[in-house]
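# Turn this into a structure:
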Amino acid sequence: MNNYYLKTIIKTGVLAISIFFTSFSNGAVLGAASPEGSAEGKIEALKKTVEQILVEIENLKQQQIKEQNNRTEQEETISKLSRQVETVRQTEVSKRDHVFNKFHFGGYGEMHANINLDNDKDLFDLHRIVFYAGYDFSDWIKLNSEIEIEHGFVSDDSGGEVVIEQAAIDFMINDAINIRAGRILTPLGIINQKHEPPSFNGVERPSFAKYIIPSTWSSDGIGIFGSITPTISYEAYVVGGLDGSEFNAKDGIRKGRIKERPGLHEPAVTARLDIHPFLEYLMQNNQLLRLGYSAYFGGLDNGNNGKNPGVDGDIRIYAADFEYTIQGLLDFRGETAYEKINMARTIGNQTAKDIFGWYLETGWHFWPESFKQNKLEKSDAVLFIRYDDYDTQYDMPTGVDRNPEGDRTDWTVGINFYPVPNFVAKMDYQIREDGTGADESLLNLGLGWQF
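Model (predicted):
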């Protein structure tokens, strides 16, 4: 019972008893002098007073019940509104998180110090900063893009550039076949596909990946990709072709890439196949082997912004590569490529009709497990050696002299140190030699990262 009611009843009872005894006392005194009816009248009046008080108590009780009901209704209303507000808030947060989760950001970069030990051509190079942005329009339509800034400064007379390296839409249909459209990475070789600094040994990329299969090589077009089986994957595209008028003796096909608005006058077809043989067995033994085969066929009469150079010729590229890893101990990788340029003589610039190159590399993970503690818990270090043989003058058209400077070899030995898996400090020593007998020695230092 409510304390208010209890106090009211007690007060009423005390008042009634007081009145009764007062009346009784007065009646006893007055009884000797007054008629008996006077006492009965007083008692009757007292009963009416008590009844009136009880009515008022009941009224107060009903009023309290009504007020209590009103408070309960108000509390329920407030609670309901609070739940609605929280639901709306959670919905908005969920929508915001849902939209934000559709975005994906990342990037990579590297900086180098190249010290020529034979002359004074030493330099520091903020070689590249690359920013990645992706967006999931749905669970099956996805955008992937990269924009690259090279050499720290961009002007008409500098070697720097800003370029969109990738900008492609993937339509994920199923494991076996998916569609990709836009600016893609031409699927040739290893480095052109995996060129983030923590993913390769050495401060500079292999020279093979500069002069034979130039990296990064982007192409604009459309194609398909997928996995035929868990151990076999593929890519195949129709893309804009190369500008053959930019081929030359020392750079090979490198300058034939069109980075702005490539012509589609003579498009190319390019494809890649990756195979992981003995996958289950090798994984059980902490090993992994991948074999890659790729090709490129296309015309050469393509120019920027549709201004075709009038080159009558075509190119065919056949490439193979492999990666073999004994996890935590040894890495082996290599690439080779042969390029056949038809009508090379009409191009000029001492362009070869055949270009050929290859490299082999091995790396030893020598970092002791006892060093992998505290801040270096995920650290690693790799001692590697690589040999490049690349010849942009491998075979010449009839009547065109061979430039021996296009026939080159590199020996590179160095160390990659990873304090964490996605950041690397690099140092290597290089000896470069060309067909003239000229050579040079370089000490290279670098930092690279990926996020």
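# Just say helix, strand or coil for the residue nearest to Pro309 when sequence neighbours are not counted.
Sequence neighbours aside, Ser245 is the residue nearest to Pro309 in space, at 3.8 Å (criterion: C-beta to C-beta, 6 or more residues apart in numbering). C-beta here means a position set from N, CA and C on the backbone, and glycine is covered the same way. Assigned with DSSP: H, G, I helix; E, B strand; the rest coil, Ser245 falls in the helix class.
# All the strands of the stretch 301-450 of the chain, residue numbers only.
Assigned by DSSP state E, counting those that start in this stretch, the stretch 301-450 of the chain shows strands spanning 314-326, 330-342, 354-365, 380-395, 407-420, 423-434, 439-450.
# For Tyr135, which of those strands is the nearest?
strand 439-450 (20.0 Å; C-beta to C-beta).
# residues in contact with the closest one?
If you take C-beta atoms under 8 Å, 6 or more residues apart in numbering as the criterion, strand 439-450 is touched by 106-119, 196-199, 202-204, 414, 422-433.
# So in that sheet, which strands flank it, and in what orientation?
Looking at strand 439-450 with DSSP bridges, its partner strands are strand 103-116 (antiparallel), strand 423-434 (antiparallel).
# Tell me which of those is the most buried.
Burial of those is given as mean neighbour count (mean count of other C-beta atoms under 10 Å); strand 423-434 ranks first at a mean of 18.
# Between strand 380-395 and that strand, find me the angle.
If you take axes from the mean of the first three to the mean of the last three C-alpha atoms, to 10 degrees, strand 423-434 sits at 30 degrees to strand 380-395.
# Now His265. Its backbone dihedrals?
phi -60, psi -50 (degrees, to the nearest 10).
# Please apply the same query to the one 3 residues further on.
Torsion angles at Ala268 (phi, psi; degrees, to the nearest 10) stand at phi -120, psi 160.
# Could you pull up the contacting residues of it?
Contact partners of Ala268, counting by C-beta under 8 Å, 6+ apart, are 219, 238-242, 296-299.
# Report the distance from whichever strand or helix holds Ile129 to the chain centre.
Using DSSP states H and E, Ile129 maps to strand 123-136. Between the mean C-alpha location of strand 123-136 and the chain-wide mean there is a distance of 13 Å, by C-alpha atoms, centre = their mean, to the nearest Å.
# With stretch 277-290 instead?
With C-alpha atoms, centre = their mean as the basis, stretch 277-290 stands 27 Å off its chain's centre.
# Asp125 and Ser441: what is the separation?
18 Å (C-beta to C-beta, to the nearest Å).
# Neighbour count for those two, which is higher?
Asp125 (17 against 13; other C-beta atoms under 10 Å).
# now that one, nearest residue through space, not along the chain?
Take Asp125 and drop its neighbours on the chain: the residue closest to it by C-beta to C-beta, 6+ apart is His112, 4.7 Å away.
# picking that back up, just the contacts of Ala268 now: which is nearest Asn285?
For these, the nearest to Asn285 is Tyr296 (35.2 Å; C-beta to C-beta).
# what about that closest one, how many residues close to it?
Other residues near Tyr296 come to 27 when the count uses other C-beta under 10 Å.
# Tyr135 now?
14.
# shaky segments in the stretch 51-200 of the chain?
For the stretch 51-200 of the chain, the stretches with pLDDT under 70 are 92-97.
# hey, where'd the strands end up in it?
Taking DSSP E, counting those that start in this stretch as the test, the strands found in the stretch 51-200 of the chain are 103-116, 123-136, 141-150, 161-171, 178-185.
# Those strands: which one's closest to Gly363?
strand 103-116 (18.0 Å).
# Grab the nearest non-local neighbour of His232.
No, residue 232 isn't His; it's Ile. What sits nearest to Ile232 in space, not counting adjacent residues and going by C-beta to C-beta, 6+ apart, is Ile275, at 5.4 Å.
# Please apply the same query to Ala381.
Nearest to Ala381 is Trp367, by C-beta to C-beta, 6+ apart, at 4.0 Å.
# Quick check, that neighbour in contact with Asp380.
Yes: if you go by C-beta atoms under 8 Å, Trp367 and Asp380 touch, sitting 5.1 Å apart.
# Give me the buried positions along stretch 271-278.
Residues of stretch 271-278 classed as buried: 271-276 (neighbour count, 16 or more other C-beta atoms under 10 Å).
# Give me the mean pLDDT for that stretch.
For stretch 271-278, the per-residue pLDDT values average out at 98.
# how near is Val85 to Glu75?
Val85 sits 15 Å away from Glu75, going by C-beta to C-beta.
# repeat for Thr229
64 Å.
# what's the answer for Asn119, then?
87 Å.
# same deal with Gly328?
Relative to Glu75, Gly328 is positioned 64 Å away (criterion: C-beta to C-beta).
# coming back round to it: identify the bridge partners of the residue nearest to Asp125.
With DSSP bridges as the criterion, His112 is bridged to Asp125, Gly446.
# Hmm, it is touching Arg205, no?
No: taking contacts as C-beta under 8 Å, His112 lies outside contact range of Arg205: 10.9 Å.
# Now the common contact residues for the two.
Counting by C-beta under 8 Å, 6+ apart, nothing touches both His112 and Arg205.
# so what are the domain limits for the chain?
Domain segmentation of the chain under automatic domain parsing yields 3-95, 104-450.
# Point out the most buried one among the ones you listed.
Of these, domain 104-450 is the most buried (mean count of other C-beta under 10 Å), at a mean of 18.
# Out of the strands of the stretch 301-450 of the chain, which gets nearest to Glu40?
Closest approach to Glu40 among those is made by strand 407-420 (104.9 Å; C-beta to C-beta).
# Which elements pack onto the closest one?
Applying 3 or more C-beta pairs under 8 Å, 6 or more residues apart in numbering; DSSP states H and E, one finds that strand 407-420 contacts strand 380-395, strand 423-434.
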